[in-house]
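Asker: Sequence and predicted structure are below.
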Amino acid sequence: MPVVAVMTAVSNWDSVARVSKRCGGAVPSPREHCCLSGSAVAGVPHQYRGRIMRRIAVTLSLAAFALGACQSERAQMSRPLPQANAYQGVEGRWASTGGPIAYTAVFQNGRFTSAERDTNGLLAEGNYTSSGASRIQLNFTSVARGVQIAANCNHGGGTMVCTSSDGSTFRLARA
């Protein structure tokens, strides 16, 4: 007899002996219900125990699988999503750094405007063109002076440094 069969037979015989002691010395038939304290299938006839244990195992496996799916869903949801308003190149809002007047500049689809930060009054408006990955050319009109101004700007890392045609320099930072 193979070792596994012997082990199974001994195991089954031990179970019958324990049931016999608990049931007053009589060996119950498989159809009889006898209390087996400490058993997950207490009081269930022997022929149904395997089915019940399989169902319990399948149910626990499905529950573990479902919980695992919830965790991987949560992990995917916690990843940062790409921002819809992520700026391309120079596009977006910039704030002046230094200078006599604090202002905000907006670069949008080739159009440039700047407005005073406190009053929102228009200071300049014009156009810009890209002349490389980090270089733009500005052509704008100063509203206060009515003068046309050109400037070359370099941008990168959230800052922009511009030199105008009259030699003055101004700096902007991503707002």
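Answerer: Perfect, thanks for sending it.
Asker: what residues are up against Asn120?
Answerer: Going by CB atoms under 8 Å, 6 or more residues apart in numbering, Asn120 touches no other residue. Using the backbone N, CA and C atoms, a C-beta is placed for each residue, glycine as well.
Asker: and the residue lying closest to Val143 once chain neighbours are set aside, what are its bridge partners?
Answerer: Nearest non-adjacent residue to Val143, counting by CB to CB, 6 or more residues apart in numbering: Leu122, 5.3 Å away. As for beta bridges, Leu122 partners with Ala115 under DSSP bridges.
Asker: these two touch, right, Leu122 and Phe112?
Answerer: No - Leu122 lies out of contact with Phe112 (CB atoms under 8 Å); the separation is 11.6 Å.
Asker: after the helix or strand containing Gly68 comes which helix or strand?
Answerer: Assessed by DSSP states H and E, Gly68 sits inside helix 46-78. Following helix 46-78 in sequence order, the next helix or strand is strand 92-96 (DSSP H and E).
Asker: which residues sit against that following strand?
Answerer: By CB under 8 Å, 6+ apart, the list of residues contacting strand 92-96 from outside reads 85, 102-108, 117, 160, 170-175.
Asker: of those residues, buried ones?
Answerer: Listed as buried from the contacts of strand 92-96 are 103-105, 107, 160, 170, 172; burial here means 16 or more other CB atoms under 10 Å.
Asker: domain ranges for this structure?
Answerer: As given by automatic domain parsing, the domain ranges for the chain are 3-77, 92-174.
Asker: Worst mean pLDDT among those?
Answerer: Here the lowest mean pLDDT among these goes to domain 3-77, at a mean of 59.
Asker: circling back: now intersect the buried ones among the contacts of strand 92-96 with the strands, please.
Answerer: Of those, the ones assigned to strands by DSSP state E are 103-105, 107, 160, 170, 172.
Asker: Can you tell me the closest non-neighbouring residue to Ala133?
Answerer: Closest to Ala133 by CB to CB, 6+ apart is Gly89, at 7.7 Å.
Asker: what's near enough to touch that neighbour?
Answerer: Gly89 touches 130, 133, 136, 155, counting by CB under 8 Å, 6+ apart.
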